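Visitor: Quick one: sequence and predicted model below, then my questions.
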Amino acid sequence: MKQMLLGNFISIPSDNTSRYVATPSDLFVDKKEMESLATDLFPGWRPEQGCLIGYKPFDDPANGTGAERVVGALAVLREFFETTPMLDTAMTVRDNDGNPVKVARVHCIEMLDLIFKKTPEYGINTGNRRSVAMVVALAAQKVAGLEQVDLKIPAIIEDYEDELERRRANVRSNTGIDKSRKRPTLKDHLNAAYKILSVGGKESSLHKGGDSALMKRGTAQKCSGIIELNAKFPELEILDRCLDEGRKDHIDPSKLDKEKLRHLLKGSEKLGLPVGTMEDVQGYVADPKPDAKNEPKQMAKSSMAQAAKANENKVVQMVLFSVLHNQPDNLAWLAANAKPFNELLAELGGPAARVDSE
């Protein structure tokens, strides 16, 4: 770790695997959160807050060379400070004594010009939110009249072997949550999983081992299932429907069950389930059933035994006894005499029989 100029680094939105979209406006919930982080950074970016981790951007056939993407990212950051509604009114940053310092849009743009006197050389793999809030913190220092504004921060330059290694490290950096990090949503995890798997990663790259993305195993399984189904049935646009909440056919990924996704992909010999067809998949994602743990539980055996003893109706006793003791003969006899029983039930004005089945 060494002290380096903040202007050497820029957050490249397309490289931020941890976040869905990941432009500066996506990194903060609201203005208050930006103000709080800028206040934490007012004394300077201290090593105990976690140093910034930079990297030399890879070329990307879809988005241009590393140098071109750096230039584009700098334009995105400038546009954020020029247009963000957060700065329609001044930010309130607290100085070292807790006094409020008002930071306006013009102050932030002046600080951008001071920080980025030349084109940055490195992308940012860890510290994206802090790199944005640091602009506000430095602007507050200048407004507060500090004699010297220090543009240096603690940083490490990582030489990643490839994009898979860099993307796993990027997601991993947001697994530990503190006040300078934003907890990833399921949509963030799904987007991250897609980006990791698309460069040769496997499901184990998401959750297994210290060099993985450190997702929870269940989250990794669900995300992998969604992505595999999306690849198998691209015409259903499952991934885009999960990520884009503005679509009329939006799918809430939190309602999808990882086990059901796995059965649709691979079937289940144990449960006698075949591999799902496109129609099966479309029907499920359009109206996913709740996870098994949320479904009503079957009546306990002790409750059935007690009900059989307490209920004087012989039919009820026969049914419960058959279920408890696996005696299908009683049920077969009842089925053979269904007509008179049904007629009697109708005569007594009882409820119509109903059987719910999957």
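Guide: That came in fine, so what should we check first? Worth saying up front: this structure is predicted, and the values here are computed from it rather than measured.
Visitor: Relative to residue 98, how far out is the closest residue to residue 128 other than its chain neighbours?
Guide: What sits nearest to residue 128 in space, not counting adjacent residues and going by CB to CB, 6 or more residues apart in numbering, is residue 11, at 4.3 Å. From N, CA and C alone the C-beta is placed, and that goes for glycine too. With distances taken as CB to CB, to the nearest Å, residue 11 is found 29 Å from residue 98.
Visitor: which SS class is residue 18?
Guide: Of the three states, residue 18 takes coil according to DSSP: H, G, I helix; E, B strand; the rest coil.
Visitor: Next up, the contacts around it.
Guide: Going by CB atoms under 8 Å, 6 or more residues apart in numbering, residue 18 touches 170, 171, 173, 174, 184, 188, 192.
Visitor: Now with 7 Å, please.
Guide: Counting by CB atoms under 7 Å, 6 or more residues apart in numbering, residue 18 touches 170, 171, 174, 184, 188, 192.
Visitor: measure the residue nearest to residue 128 to residue 67 for me?
Guide: 16 Å.
Visitor: between those two, which one's more packed in?
Guide: Shown here are residue 11 and residue 67; by other CB atoms under 10 Å, residue 11 has more neighbours (25 against 12).
Visitor: what about residue 199, neighbour count?
Guide: 15.
Visitor: For the longest helix seen in the chain, what is the distance to the chain centroid?
Guide: Assignment by DSSP state H gives helix 66-83 as the longest helix of the chain. Computed by CA atoms, centre = their mean, to the nearest Å, the separation of helix 66-83 from the middle of its chain amounts to 25 Å.
Visitor: go on, stretch 335-344?
Guide: 54 Å.
Visitor: Just the mean pLDDT for it, thanks.
Guide: Across stretch 335-344, pLDDT averages out at 82.
Visitor: ok, which stretches of the stretch 251-358 of the chain are helices?
Guide: For the stretch 251-358 of the chain, the helices defined by DSSP state H, counting those that start in this stretch cover 258-266, 278-286, 301-310, 314-325, 328-336, 338-347.
Visitor: Report the distance from the fourth one to the chain centre.
Guide: In terms of CA atoms, centre = their mean, the gap separating the centre of helix 314-325 from the centre of its chain is 48 Å.
Visitor: Ok, the first one next?
Guide: Taking CA atoms, centre = their mean, the mean C-alpha location of helix 258-266 is offset from the chain mean by 20 Å.
Visitor: That helix packs against which elements?
Guide: helix 217-232, helix 278-286 (3 or more CB pairs under 7 Å, 6 or more residues apart in numbering; DSSP states H and E).
Visitor: now the second one
Guide: Using 3+ CB pairs under 7 Å, 6+ apart as the contact test, the elements touching helix 278-286 are helix 258-266.
Visitor: Going by neighbour count, list what's buried in the helix it packs on.
Guide: 258, 260, 261, 262, 263, 264 (16 or more other CB atoms under 10 Å).
Visitor: by how many degrees do that helix and helix 278-286 diverge?
Guide: Computed by axes from the mean of the first three to the mean of the last three CA atoms, to 10 degrees, the angle separating helix 258-266 from helix 278-286 equals 160 degrees.
Visitor: Can you give the contact residues for helix 258-266?
Guide: Residues outside helix 258-266 that contact it (CB under 7 Å, 6+ apart): 218, 221-222, 225-226, 228-229, 273, 275-276, 280-281, 284.
Visitor: export it as PDB, just CAs?
Guide: Written as PDB, here are the backbone C-alpha positions of helix 258-266 (Å, rounded to 0.1, in the frame of the first residue of the first chain):
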ATOM      1  CA  LYS A 258     -33.500 -22.800  -6.100                       C
ATOM      2  CA  GLU A 259     -34.700 -26.500  -5.800                       C
ATOM      3  CA  LYS A 260     -37.500 -25.900  -8.300                       C
ATOM      4  CA  LEU A 261     -35.000 -24.300 -10.700                       C
ATOM      5  CA  ARG A 262     -32.700 -27.300 -10.400                       C
ATOM      6  CA  HIS A 263     -35.500 -29.700 -11.100                       C
ATOM      7  CA  LEU A 264     -36.600 -27.800 -14.200                       C
ATOM      8  CA  LEU A 265     -33.000 -27.900 -15.400                       C
ATOM      9  CA  LYS A 266     -32.100 -31.500 -14.500                       C
END
